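# let's see this in three dimensions:
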Amino acid sequence: MEFTDKEILLSWSDIIGLIENICLKIKAKVENVLENHEIIAITNGGIIPATMISYNLGIKNINLFPIIDKKIIHSRIPKFDVDKRYLLVDEIYDTGKTFRKTSVCLEHINHLNVFLVERYNMTRTANHIIGKTLEDSRWVVFPWEKSKQTDNIS
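Modelled structure (predicted):
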């Protein structure tokens, strides 16, 4: 991780380490029984971590949970099977707004909530899996995003 005055810049190496940590936690939580699991990726932030987790755990099916400009597109939410188990993946637990919105839509299915990082150590339930808690108010920049400092240079 690289730290500037205003940002925390995560590298691909950081992401790989977080994914490995998360996958170990997932395997322990589900007792290595993954064959009935699918992944739900929050668009856009959860797509890359979800893909990396799917390769690591051998979970082939990734569903996209449609959020555009912080709004859920209800007409595009896939139908989820109540008999399956899911991993809901997003890149960051920040304010919790996205999580609260998706939780209402997904309360009828069995799922674990998976986040690469959380900004602050939040009160969470047993079905949360976090790669790392930052305890830092700086903006978090993932390697697939542009840094605000990079934007200022252009």
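# residue boundaries of the strands in this protein?
Listed in chain order, the strands found in the chain under DSSP state E are 2-3, 7-9, 37-42, 62-65, 67-68, 71-72, 85-93, 110-118, 128-133, 139-141.
# just send the ones you listed back as CSV, with distance to P49 and mean pLDDT too.
The C-beta positions use only the backbone N, C-alpha and C, and glycine is treated the same way. Listed next are these as CSV, based on distance: least, Cβ to Cβ, whole Å; pLDDT from 0 to 100:
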stretch, distance to P49, mean pLDDT
strand 2-3, 19, 94
strand 7-9, 16, 96
strand 37-42, 8, 97
strand 62-65, 11, 97
strand 67-68, 15, 94
strand 71-72, 19, 94
strand 85-93, 5, 96
strand 110-118, 5, 95
strand 128-133, 9, 95
strand 139-141, 13, 96
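# of all those, which one comes closest to S147?
Among these, the nearest to S147 by Cβ to Cβ is strand 139-141 (4.8 Å).
# what are the pairing partners of the closest one, and which direction each?
When pairing is defined by DSSP bridges, strand 139-141 lines up against strand 7-9 (parallel).
# low-confidence regions, the protein specifically.
148-154 (pLDDT under 70).
# please look at L112 and N127 and confirm they touch.
Yes. Counting by Cβ atoms under 8 Å, N127 is a contact partner of L112 at 5.0 Å.
# who has more neighbours, these two?
Neighbours were counted for L112 and for N127 using other Cβ atoms under 10 Å; L112 has more, 19 against 12.
# how about the helices in this protein?
Under the criterion DSSP state H, helices of the chain are mapped to 12-29, 47-57, 97-106, 148-153.
# the first one: which residues count as buried?
Residues of helix 12-29 classed as buried: 14-15, 18-19, 22-23, 25-26 (neighbour count, 16 or more other Cβ atoms under 10 Å).
# that helix to strand 85-93, inter-axis angle?
Between the direction of helix 12-29 and that of strand 85-93, the angle (axes from the mean of the first three to the mean of the last three Cα atoms, to 10 degrees) works out to 140 degrees.
# residues in contact with I22?
53, 114, 116, 129-131 (Cβ atoms under 8 Å, 6 or more residues apart in numbering).
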